[in-house]
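Asks: A predicted structure for the sequence below; I have some questions about it.
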Amino acid sequence: MKATIVTIGDEILIGQIIDTNSGFIAKSLDKIGVEVHEMISISDDKKHILDTFAKLQNQVDFVIITGGLGPTKDDITKKTFCDYFEDELVSDPKVLAHVEDLFEKFTGKKQPLLQVNIDQALVPSKATVLFNQFGTAPGMWMKKENTVFMSLPGVPYEMKGLIENVIIPKIAAEYKRPYIIHKTILTYGMGESMLADKIADWENNLPEFIKLAYLPSPGRVRLRLSARGTDKQLLEQTIAQKVEALTQIIGEIIVGFDDSETIEVQLGKLLTQKSKTVSTAESCTGGKIAQTLTSIPGSSKYFKGSIVAYDKQVKIDLIGVSKETIQKHSVVSAEVAQELAQNIRQMLHTDYGIGVTGNAGPTTDDTPEEVGVVFVALATPTETIVEKHNFGQPREKVIDRAVMKSLEMLQKEILKSK
């Protein structure tokens with residue numbers, strides 16, 4: 001079964017807000033075997049909406065629309081639904097009672113509603129009303145020929161409530177769907193092109209019902225296997241066999257499976273299991289290593305703290321980097337990275353200390369190193385390891401790669417320790 005997701009709103013088209021609804025809806029549909037055929041963002045224009053509906057009619061099984069259900073004049077989705085389905089708006093008593101109750105709870109007293117609030121209870125007479133417990137705008141479910149059109153509010157938490165509690169259960173109960181199974185393998189330390197070359201024979205021998213996608217990001221590549229079919233057991237067994245075969249080829253760079261097993265999750269588990277702690281002294285990464293490590297719940301068990309020493313004097317005064325070291329080697333050097341890592345480890349009494357300094361760009365400041373050069377140091381209980389990398393440009397890429405390289409080095413050393 002196929003679906004198209006349509007977001008309505010000029011604020012999306014001008015870049016004022018970012019559409020996060022489509023991603024959530026797509027993931028939810030994928031879990032029950034509904035393939036998202038495309039995602040479309042369109043303006044708050046009646047003709048544009050009607051043309052889009054007509055184009056999608058009988059091309060997909062479901063059209064899920066978000067936005068345009070508010071109380072103001074620019075919210076025209078309900079009226080446009082009536083035009084497309086040759087229907088009229090009627091007041092739904094249950095929705096109206098819900099709107100009255102919401103306003104009473106919000107104001108603390110019962111009072112007459114404005115007409116725009118009363119009109120929130122208007123729905124097309126032929127629609128199946130999708131009750132929105134978190135807001136005033138109800139959703140709508142209407143079918144024309146072979147396509148179901150669903151309209152949901154654009155407010156994310158209201159949309160999510162309807163998707164999780166109403167839409168997904170309704171589709172699952174009323175429609176027979178194929179199984180879609182995904183398996184994601186997380187790899188670190190090898191680029192996409194090199195990785196593709198290494199597993200080319202394995203990839204060429206995948207059965208037709210399994211697709212492989214490469215999902216690269218700075219310092220890591222996710223390999224997503226997607227299997228589709230009617231025999232769930234066959235899909236699961238085949239996926240497991242192919243993953244096992246892949247492990248024999250690139251097992252040394254596989255660090256986890258599925259979206260939850262990011263390197264920061266893996267590190268959190270390792271540090272917790274081994275009762276180890278870490279701290280960071282960051283220059284060019286601006287605290288992003290610390291932010292990544294602390295994005296995991298429970299990270300206070302193993303992450304003690306960080307100093308973002310962007311300015312040269314801060315490196316000297318707060319972290320104790322030698323002034324002579326900076327004068328002799330410049331702030332972007334292996335020697336400065338080493339002192340950052342060693343000193344932060346000693347200051348915060350941690351097992352590991354990470355020190356990073358580099359030129360993220362676009363300028364190089366007072367250093368002979370070119371833009372993109374980063375020194376990453378890891379201080380352990382027995383030694384300090386320093387690596388030099390040139391991550392190129394632009395600035396965001398340099399920072400992201402420096403973060404990933406720091407975490408890779410930490411992970412490698414923890415795995416080596418007893």
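Replies: Arrived safely, thanks for sending. Predicted, not measured: the structure shown is a model, and the values here were computed from it. Numbering: from 1, shown residues only.

Asks: Helices of the stretch 301-418 of the chain, residue ranges please.
Replies: 312-317, 323-329, 334-347, 395-416 (DSSP state H, counting those that start in this stretch).

Asks: Kindly report the same for the stretch 51-200 of the chain.
Replies: Using DSSP H, counting those that start in this stretch, helices in the stretch 51-200 of the chain cover 77-85, 93-107, 115-118, 156-162, 168-174, 192-198, 200-204.

Asks: Tell me which of those helices lies nearest to Arg395.
Replies: Nearest to Arg395 among these is helix 192-198; the distance by Cβ to Cβ comes to 21.2 Å. The C-beta positions use only the backbone N, C-alpha and C, and glycine is treated the same way.

Asks: so what does that closest one touch, helix or strand wise?
Replies: On a contact count with 3 or more Cβ pairs under 8 Å, 6 or more residues apart in numbering; DSSP states H and E, helix 192-198 meets strand 210-217, strand 220-229, helix 232-250.

Asks: ok, back up a step: hey, which of the helices of the stretch 301-418 of the chain is tucked in deepest?
Replies: Comparing those by mean neighbour count (mean count of other Cβ atoms under 10 Å), helix 334-347 ranks first with a mean of 24.

Asks: Give me the mean pLDDT for that one.
Replies: The predicted model assigns helix 334-347 a mean pLDDT of 98.

Asks: and it, what other elements does it pack with?
Replies: Here helix 334-347 touches strand 278-282, helix 323-329, strand 352-358, strand 373-379, strand 384-390, going by 3+ Cβ pairs under 8 Å, 6+ apart.

Asks: about what we covered before: output the helices and strands packed on helix 192-198 as TSV; include the columns mean pLDDT and distance to Pro153.
Replies: Listed next are the helices and strands packed on helix 192-198 as TSV, based on pLDDT from 0 to 100; distance: least, Cβ to Cβ, whole Å:
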stretch	mean pLDDT	distance to Pro153
strand 210-217	92	31
strand 220-229	92	30
helix 232-250	95	34
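
Asks: which residues touch the closest residue to Thr325 other than its chain neighbours?
Replies: Once flanking residues are discounted, Thr325 sits nearest to Glu335: 5.0 Å by Cβ to Cβ, 6 or more residues apart in numbering. Neighbouring residues of Glu335 by Cβ atoms under 8 Å, 6 or more residues apart in numbering: Thr325, Lys328, His329.

Asks: now, among those, which is nearest to Asp45?
Replies: Of all these, Asp45 sits closest to His329, with 60.9 Å by Cβ to Cβ.

Asks: Grab the nearest non-local neighbour of that closest one.
Replies: Closest to His329 by Cβ to Cβ, 6+ apart is Glu335, at 4.5 Å.

Asks: now do Lys276
Replies: Per Cβ to Cβ, 6+ apart, closest to Lys276 is Asp351, 4.3 Å.

Asks: And that neighbour, how far from Glu244?
Replies: Distance, Asp351 to Glu244, using Cβ to Cβ, to the nearest Å: 34 Å.

Asks: Neighbour count: the two, which is higher?
Replies: When Asp351 and Glu244 are compared for neighbours, Asp351 comes out ahead with 20 against 10, by other Cβ atoms under 10 Å.

Asks: My guess is the more buried one contacts Thr277. True?
Replies: Yes - with contact defined as Cβ atoms under 8 Å, Asp351 counts as touching Thr277 (5.2 Å).

Asks: joint contacts of those two?
Replies: What both Asp351 and Thr277 touch, as defined by Cβ under 8 Å, 6+ apart, is an empty set.

Asks: Run through who's touching stretch 166-174.
Replies: With Cβ under 8 Å, 6+ apart, stretch 166-174 has contacts from 28-29, 31-32, 34, 62, 64, 130-131, 139, 141, 150, 152, 177.

Asks: Oh, that last question was meant for stretch 120-133, not what I typed.
Replies: 71, 78, 81-82, 85, 87-96, 98-99, 136-142, 150, 152-153, 158, 161-162, 165-167.

Asks: go on, stretch 399-409?
Replies: Contacts for stretch 399-409 (Cβ under 8 Å, 6+ apart): 188-189, 217-220, 263-264, 267, 280, 284-286, 288-289, 292-293, 354, 356, 358, 360, 374, 376, 378, 385, 387, 389, 391.

Asks: ok, of these, which come out buried?
Replies: Among the contacts of stretch 399-409, those buried by neighbour count (16 or more other Cβ atoms under 10 Å) are 188-189, 219-220, 263-264, 267, 280, 284-285, 288-289, 292-293, 354, 356, 358, 360, 374, 376, 378, 391.

Asks: chain center to stretch 76-88: distance?
Replies: Mean-position distance between stretch 76-88 and its chain equals 35 Å (Cα atoms, centre = their mean, to the nearest Å).

Asks: how far away is the residue of the chain positioned farthest from its centre from Glu339?
Replies: No residue in the chain sits farther from the centre than Glu324, which is 43.7 Å out by Cα atoms, centre = their mean. Going from Glu324 to Glu339 by Cβ to Cβ gives 11 Å.

Asks: Point out where the protein drops to low pLDDT.
Replies: Within the chain, the segments meeting pLDDT under 70 span 74, 259-261, 365, 418.
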